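Student: need the 3D shape of this:
(2 chains)
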There are 2 protein chains.
Amino acid sequence: MTGRILLAATGWDARPWEDELRRNAPGRAVTVYPDEFDPAAIDYALVWNPPAGLLAGLTNLKAIFALGAGVDQLLRQPDLPDLPIVRVVCDDLTQRMTEWVVLQALLHHRRQRAYDRQQAEHVWRGLDQPAAADIGVGVMGLGVLGTDSALALRRLGFRVAGWSRRPSTIEGVESFHGAEGLPAFLARTEILVSLLPLTPETKGILSMPLFEQLSRTHAPHLPVLINAGRGGLQVEADIVAAVRSGVLAGASLDVFAPEPLDPESPLWDLPNVTITPHVAAASDAAAIIPGIVRQIEAFEAGQPLVNVIDRASAY
Amino acid sequence: MTGRILLAATGWDARPWEDELRRNAPGRAVTVYPDEFDPAAIDYALVWNPPAGLLAGLTNLKAIFALGAGVDQLLRQPDLPDLPIVRVVCDDLTQRMTEWVVLQALLHHRRQRAYDRQQAEHVWRGLDQPAAADIGVGVMGLGVLGTDSALALRRLGFRVAGWSRRPSTIEGVESFHGAEGLPAFLARTEILVSLLPLTPETKGILSMPLFEQLSRTHAPHLPVLINAGRGGLQVEADIVAAVRSGVLAGASLDVFAPEPLDPESPLWDLPNVTITPHVAAASDAAAIIPGIVRQIEAFEAGQPLVNVIDRASAY
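Tutor: Next comes the predicted model:
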């Protein structure tokens, strides 16, 4: 059997995804939302922000494939069928995220924004520069993305620690876990990298009480927050207040709640705050579709699906 | 015997160097230029930009230790005695240089300057982003610094090649060498990293005819020049002309001839050009002095000096 695929991506240009799908699964029936189709004929749904109720109406659906890394919106759908949801795990996405995290960590570590201001005024002046080995970087969230970023930052010489729900072991990365491990993790961290999933437990975790626990060893040029997880992790008013009061020396933010970031938000104009429009790890159709098609083919040949989301813990 | 050391660093604050020297060689006689001293009593000179004629007057000198990575100024001294000159090789300096190079390469690759401009206007718009694997990075100069940068860039996923006078083999890094290898190296390079030493052969090598040979696969956002070698490698008027005409999409420059960069230089205000004040790999006394003291002690115990500069080839 070769099941029929429904592609339903809203808020994105669906065309490159359709093109890749037809290229990688040439013999297979593909329907692209919002074209008309028979809901009972769909076997697999490939989705990003699917309209509410769409998935519930697909009576013969066998599996759902997410096209982007954040699945919290999908999991919040009220009538979400009780079927396997496969997360996207691909080297391209991981590599792009690590590039962005490394870039932002180095921007803060090497005081690039201070040099940018000096350049605008034609000022030639060297600034104090600690070695990476003197800087504690802390990565919250040690999934595929967080682990890869932690290893890349360690290779650049930073003292890296990770924090996650459960204990983890990453070579050369100090491990903290759970609510009880958080204070010690924050107390040794000057560059805080958030790659957490958005769950009821992590919503709003990046807030003033947390920022106040970060190490101030290299204040006033650190500590900083780098968030490329989800916008809902952060309390934006607290970031604004923390940067204005010096609790945070700066931030790099790629995600917001809601998106796009309000043109009136004070975040745009804060010193040492870098805003990017949710592009840290953009899903690339050419990198993601081949893996999904291979998974569907393996599933139809009797293999189990891999990277299925644990819905109880929401990631 | 424990020989006497002369510390002569001009243009820098000599105090941290003196402090580190006294801490690491507590029993040894140390003189700091321009204090008075008997020229015949000096055994070792630790120097950065020593005044002309100073070294020639030290009649019992045994070795000269450079305190920074660039030795061209030292080698140009007219009365430079024919003694071993030991270059500084230290992990700290290498790591700092690699941080700066990686930061600048990612700034260009991830189009951060375009996002900076959008941020200033509160504009939320994603830009096309190739994968690192699609970008050719080329490192000119494969000494300790160039090799470390090449490896770090390769680990981030870039297609990295190196160019040097002599053939080299660095795992995963395509090798080009000599004048005959330069055109092919440039034709596959979109991010050009210069970590060359300044010699009669390399003076002014970073010029319009070279820029015009770079790959334009991802124009107009690449190619770019990143120079952290020496200012004398680059023809600044050609960089200005190349950026203005689009031959280069941008540049990151840490070195200039002369330094500090003239406040009137047009380089300060060019779009996509990042200027830092020769801080890519600042010599850190605490990182460098212990190794020099250990070398002197080993030398006095009969061991040969290591990292002695080959004066014929000037590096």
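Student: okay, now the residue in the stretch 201-315 of chain A that chain B sits nearest to: neighbour count?
Tutor: Residue nearest to chain B within the stretch 201-315 of chain A (Cβ to the nearest Cβ): A:Pro260, separated by 3.7 Å. Using the backbone N, CA and C atoms, a C-beta is placed for each residue, glycine as well. Number of residues near A:Pro260 (other Cβ atoms under 10 Å in any protein chain shown) recorded here: 14.
Student: ignoring the adjacent residues along the chain, who's closest to it?
Tutor: The shortest distance from A:Pro260 to any non-neighbouring residue, by Cβ to Cβ, 6 or more residues apart in numbering or on different chains, is to B:Trp124 (3.7 Å).
Student: verify the stated contact: the one you found with A:Asp262.
Tutor: No: in this structure B:Trp124 lies outside contact range of A:Asp262 using Cβ atoms under 8 Å: 9.4 Å.
Student: and A:Asp284, how far from A:Ala69?
Tutor: Distance, A:Asp284 to A:Ala69, by Cβ to Cβ, to the nearest Å: 12 Å.
Student: who's more crowded, these two?
Tutor: Higher neighbour count among A:Asp284 and A:Ala69: A:Ala69, with 24 against 18, using other Cβ under 10 Å.
Student: can I get the worst-scoring helix or strand of chain A on mean pLDDT in CSV, CA atoms only?
Tutor: Least confident helix or strand of chain A, by mean pLDDT, DSSP states H and E, is helix A:72-75 with a mean of 87. Taking Å, rounded to 0.1, in the frame of the first residue of the first chain, the C-alpha atoms of helix A:72-75 are listed here in CSV:
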residue,chain,number,x,y,z
ASP,A,72,3.4,23.0,21.5
GLN,A,73,0.9,24.6,19.2
LEU,A,74,0.0,21.3,17.6
LEU,A,75,-0.3,19.6,21.0
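Student: can you give me the strands for the stretch 201-315 of chain A?
Tutor: A:224-227, A:250-253, A:273-275 (DSSP state E, counting those that start in this stretch).
Student: turn those into TSV, columns for mean neighbour count, mean pLDDT and distance to chain B.
Tutor: Output for those, formatted as TSV (neighbours: other Cβ atoms under 10 Å in any protein chain shown; pLDDT from 0 to 100; distance: least, Cβ to the nearest Cβ, whole Å):
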stretch	mean neighbour count	mean pLDDT	distance to chain B
strand A:224-227	26	98	14
strand A:250-253	24	98	10
strand A:273-275	22	98	5
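Student: could you dump the ones you listed into CSV with distance to A:Ala14 added?
Tutor: Output for those, formatted as CSV (distance: least, Cβ to Cβ, whole Å):
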stretch, distance to A:Ala14
strand A:224-227, 28
strand A:250-253, 27
strand A:273-275, 26
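Student: closest one to A:His218 among those strands?
Tutor: strand A:224-227 (10.1 Å; Cβ to Cβ).
Student: what is that closest one packed up against?
Tutor: Secondary structure elements in contact with strand A:224-227, counted by 3 or more Cβ pairs under 8 Å, 6 or more residues apart in numbering or on different chains; DSSP states H and E, are helix A:91-109, strand A:191-194, strand A:250-253.
Student: need the winner for burial among those.
Tutor: Highest mean neighbour count of the helices and strands packed on strand A:224-227: strand A:191-194, a mean of 28 (counted as mean count of other Cβ atoms under 10 Å in any protein chain shown).
Student: just the mean pLDDT for it, thanks.
Tutor: Strand A:191-194 shows a mean pLDDT of 98.
Student: is it in proximity to chain B?
Tutor: No: judged by Cβ under 8 Å from any Cβ of the partner chain, strand A:191-194 stays clear of chain B, getting no closer than 12.8 Å.
Student: alpha carbons of that strand, as PDB, please.
Tutor: C-alpha atoms of strand A:191-194 as PDB (Å, rounded to 0.1, in the frame of the first residue of the first chain):
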ATOM      1  CA  ILE A 191      25.500  33.100  29.200                       C
ATOM      2  CA  LEU A 192      22.200  31.400  29.500                       C
ATOM      3  CA  VAL A 193      21.000  29.500  26.400                       C
ATOM      4  CA  SER A 194      17.400  28.400  26.300                       C
END
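Student: helices or strands up against that strand?
Tutor: Applying 3+ Cβ pairs under 8 Å, 6+ apart, we find strand A:191-194 packed against helix A:91-109, strand A:136-140, helix A:144-155, strand A:224-227.
Student: and the strands in the stretch 1-150 of chain A, which stretches?
Tutor: With DSSP E, counting those that start in this stretch, the ranges of strands along the stretch 1-150 of chain A come out as A:5-9, A:30-32, A:44-48, A:63-66, A:85-86, A:136-140.
Student: who does the fourth one pair up with?
Tutor: In other words, strand A:63-66. Sheet pairing here is set by DSSP bridges, and for strand A:63-66 it gives strand A:44-48 (parallel), strand A:85-86 (parallel).
Student: try the first one
Tutor: Neighbouring strands of strand A:5-9 in its sheet, by DSSP bridges, are strand A:30-32 (parallel), strand A:44-48 (parallel).
Student: give me whichever of these is most buried.
Tutor: Per-stretch averages of neighbours, counted by mean count of other Cβ under 10 Å, single out strand A:44-48 among those, with a mean of 25.
Student: what about that one, distance to the chain center?
Tutor: Put simply, strand A:44-48 sits 19 Å off its chain's centre (Cα atoms, centre = their mean, to the nearest Å).
Student: likewise for stretch A:217-226?
Tutor: How far stretch A:217-226 lies from its chain's middle: 22 Å, per Cα atoms, centre = their mean.
Student: need the residues of the stretch 151-300 of chain A near chain B, please.
Tutor: When proximity is defined as Cβ under 8 Å from any Cβ, the stretch 151-300 of chain A approaches chain B at A:152, A:155-157, A:259-261, A:263-265, A:268, A:274-279, A:282, A:284, A:287.
Student: show me those residues that map onto helices.
Tutor: Using DSSP state H, the subset of these located in helices is A:152, A:155, A:287.
Student: redo the residues you listed as TSV? Include distance to B:Arg87.
Tutor: Output for those, formatted as TSV (distance: Cβ to Cβ, whole Å):
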residue	distance to B:Arg87
A:Ala152	30
A:Arg155	25
A:Ala287	44
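Student: most neighbours among these, which one is it?
Tutor: Result: A:Ala152 is most packed of these (other Cβ under 10 Å), 22 neighbours.
Student: circling back: would a markdown table of the helices and strands packed on strand A:191-194 with distance to B:Ala9 be doable?
Tutor: Below are the helices and strands packed on strand A:191-194 laid out as a markdown table (distance: least, Cβ to Cβ, whole Å):
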| stretch | distance to B:Ala9 |
| --- | --- |
| helix A:91-109 | 26 |
| strand A:136-140 | 32 |
| helix A:144-155 | 32 |
| strand A:224-227 | 33 |
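Student: between the ones you listed, which one is nearest to B:His218?
Tutor: Comparing the helices and strands packed on strand A:191-194 by Cβ to Cβ, helix A:91-109 comes nearest, at 15.0 Å.
Student: other SSEs contacting that closest one?
Tutor: Under the contact definition 3+ Cβ pairs under 8 Å, 6+ apart, helix A:91-109 sits against helix A:144-155, strand A:191-194, strand A:224-227, strand A:250-253, helix A:285-300, helix B:91-109.
Student: can you put the strands of the stretch 1-150 of chain A in TSV and add mean pLDDT?
Tutor: Shown next, in TSV, are the strands of the stretch 1-150 of chain A (pLDDT from 0 to 100):
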stretch	mean pLDDT
strand A:5-9	95
strand A:30-32	95
strand A:44-48	95
strand A:63-66	95
strand A:85-86	94
strand A:136-140	98
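Student: which one, of those strands, ends up nearest to B:Pro304?
Tutor: For B:Pro304, the closest of those is strand A:136-140, at 39.9 Å, according to Cβ to Cβ.
Student: beta-bridge partners for A:Ile64, please?
Tutor: With DSSP bridges as the rule, A:Ile64 is bridged to A:Ala45, A:Ile85.
Student: what's the answer for A:Val224, then?
Tutor: A:Ile191, A:Gly250.
Student: this completes my enquiry, with thanks.
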